[in-house]
Structure formats: structure tokens, C-alpha cells
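Enquirer: The following comprises the amino acid sequence and a computationally predicted model.
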Amino acid sequence: MGIGHLAWKGFIRLALGLSLAAAEPAPLRIGVAPHTSARVILELYQPLRTHLEKALARPVEILTAPDFTEFARRGLAQEYDLAITTGHQARLFQADAGYLPLLTYKADFRAVAMVATKGKVKAVRDLKGTTAIGLSPTSLVTLWGQHWLKAQHLAEVPVRYVSAADSVAQLLLAGEGSAGFVSLANFQKLPPEVQAGLRILAESQPMAGRVYVLNARNAPQKARIDAALWAFAASREGGAYFEANKLEGYRKLKPGELKAMDPYAAEVRATLKAP
């Protein structure tokens, strides 16, 4: 067999390899706001990832970020094809980066201020001179908590930032903070023995919770992706996911629901612009 023939066969293999690589669709990159640890997020969204891979016939990746501020930066930098984040960041992505709102969950999203049941904080006034704990300066629950402290004439109470709701709980139980700000859903998902050591001191009104927004570059596939999400909701796996996480299913966004988050979105924008 001559060298020329071997070279020709090698060229064919290379051409076929390039053709197959070009034919394989790029992964759909789903960014999930870091409301809990990366490990838990990957586990929570595994059923959705599996469903979308089959429905869309393309790889799907679940991504997150170290904190809400970095998640906002990455979303605005167009790193996600689909972002699942709380309403204020969804509004920011829509207004500043052209993301297209798709849907949210039926269950109300509420923020709570929780304290240790056996701790020194018995009433709101006991927070004076203490340190509270939140997720990050741009998370919705922390922003709500800071607004709540100000409304209670406790604006001077500093907030320490940590990475996940379970970390907030553990620090409170260890006496390393007075009150912690998390979502009601994350409070309810704490292990029973952890939850038993905590109580809710204050609770927000319902707010726009986790919202699915689609990067505008995927607009041609919007109808297909939207249909795949609703098909997940109707599936057995989707039903189990909603039940396990007390989400009740998907619903369409109400008119003006995201625009109502503009004040919180503005605070995230200001934080990102700060030196």
C-alpha cells in the first residue's frame, strides 16, 4: 500500500471526524443561581437535564457560580443559554442582556429571617448590636433582609455573606450570627433536625421567584425549548421534582411581574458597577 493511499485514507478519516464534530449540536448551557451548593444544584436539576437532552436531541449542561454576584456577571456576559434565577436577576438579564422570559413556578417565593430557637434573639429588637447572615449582596433574600432590617430601624446591623442556605443555618445554630436570610423553600428543605433548631422571625410577601429566561441567541429555538419545559412539567419525573421541592409546577409570568423587580435589579446593577 503506497504512502499516497495511506495519506488519502487519513484525509478521509479527518474529513469524516470534522463533519461529525460539526453535526453534533452544541450543549445547551443552563445556569442555575447558587441558592444552595453546586453539588445539590446538580442533583436537583438532573431530571430536567435528562429530559431536555432527550426532547431537544442535544447535550445539556447544568452550571452555577460561586455566588449570586458572579452569577449575575456571567449571565450578563451571555454565558448561559437558559438561566434559572430569582426575579430581580431575571429582570436584570432581560433589561440589560436581552434574555427572553419563559416561565416561573406556581409556588409562592418568599424570603424569611430565621433565628436559632434556643438563641438569644426572641424578638426583632434583640437583633440590635448583632450580625446577620445572608447569601451574597446581590441575592434577593439578602436584599429583602437588608430592606427589612432598615424598616425595623436596624440598618446598622451588618450582614455577613456566605455561599449557601445550609451554611446560613449551621452558622446560626453555632451561634455565629443572630438572624439568617434565606428563601422559605430553602428553609423547608433543611434536614428535619436542622430545621427543628430554627424558627422564622419574619417572612416577606410573595415575590417573583425562580424565573426561566432564555438567551436571545436561542430565540429561533424558543418555541421548542418552551414546549420541552412544559412537557417536563407533565411528565412523571417532572411531577416528582415539583413535589419533592414544593414547587407545585410551572406557570406563565403575570403582566408586569418582572418589571416590579426593577428596584432590586437596580441594586444588583449598582453592585456590579462598584469598584
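Expert: Everything's here; your move. What you see is a predicted model; the values in this text were computed from it and never measured.

Enquirer: CA only for contacts and neighbour counts going forward, please
Expert: OK.

Enquirer: Contacts for stretch 90-106 next, please.
Expert: 72, 75-78, 83-84, 208-216, 219, 226, 247-253, 258-259, 261-262, 265-266, 269 (C-alpha atoms under 8 Å, 6 or more residues apart in numbering).

Enquirer: Kindly provide the distance from residue 185 to residue 106.
Expert: In this view, residue 185 and residue 106 are 13 Å apart by C-alpha to C-alpha, to the nearest Å.

Enquirer: Give the residues shared as contacts by the two.
Expert: Residues touching both residue 185 and residue 106 (C-alpha under 8 Å, 6+ apart): none.

Enquirer: what's the residue nearest to the spatial centre of the chain sitting at in phi/psi?
Expert: For the chain, the residue nearest the mean C-alpha position is residue 33 (2.4 Å; C-alpha atoms, centre = their mean). When quoted as degrees, to the nearest 10, the phi and psi of residue 33 stand at phi -60, psi 140.

Enquirer: from memory it sits against residue 87, does it?
Expert: No. Using C-alpha atoms under 8 Å, residue 33 makes no contact with residue 87, being 10.9 Å away.

Enquirer: Secondary structure of residue 31: a strand, I assume?
Expert: Yes. Assessed by DSSP: H, G, I helix; E, B strand; the rest coil, residue 31 belongs to a strand.

Enquirer: Surely it touches residue 82?
Expert: Yes. Between residue 31 and residue 82 there is a contact at 6.2 Å, judged by C-alpha under 8 Å.

Enquirer: now residue 238, what's its secondary structure?
Expert: Residue 238 ends up helix, using three-state DSSP.

Enquirer: And the pLDDT at it?
Expert: For residue 238, the model assigns a pLDDT of 96.

Enquirer: now do residue 15
Expert: 54.

Enquirer: same deal with residue 9?
Expert: Residue 9 is assigned a pLDDT of 50 by the prediction.

Enquirer: If you count neighbours, what's buried in stretch 35-42?
Expert: Neighbour counts over stretch 35-42 (16 or more other C-alpha atoms under 10 Å) mark 35-38, 41-42 as buried.

Enquirer: if we can go back for a sec, of the contacts of stretch 90-106, which belong to strands?
Expert: 83-84, 211-214, 250-251 (DSSP state E).

Enquirer: top of those by neighbour count?
Expert: In terms of neighbours by other C-alpha atoms under 10 Å, those top out with residue 83 at 30 neighbours.

Enquirer: and residue 147, that one's in a strand?
Expert: No. Assignment of residue 147 by three-state DSSP gives helix, placing it outside any strand.

Enquirer: give me the number of residues near it?
Expert: Applying other C-alpha under 10 Å, we find 14 other residues in the vicinity of residue 147.

Enquirer: So what's the residue count around residue 225?
Expert: Residue 225 - counted by other C-alpha under 10 Å - has 19 other residues nearby.

Enquirer: Just the pLDDT at residue 25, thanks.
Expert: Reading off the model, residue 25 has pLDDT 83.

Enquirer: what's across from the nearest residue to residue 42 once chain neighbours are set aside in the sheet?
Expert: Of all residues not flanking residue 42 in the chain, residue 62 sits nearest, at 6.5 Å (C-alpha to C-alpha, 6 or more residues apart in numbering). With DSSP bridges applied, residue 62 shows beta-bridge pairing to residue 30.

Enquirer: and residue 62, what does it touch?
Expert: Residue 62 touches 29-32, 42, 45, 49, counting by C-alpha under 8 Å, 6+ apart.
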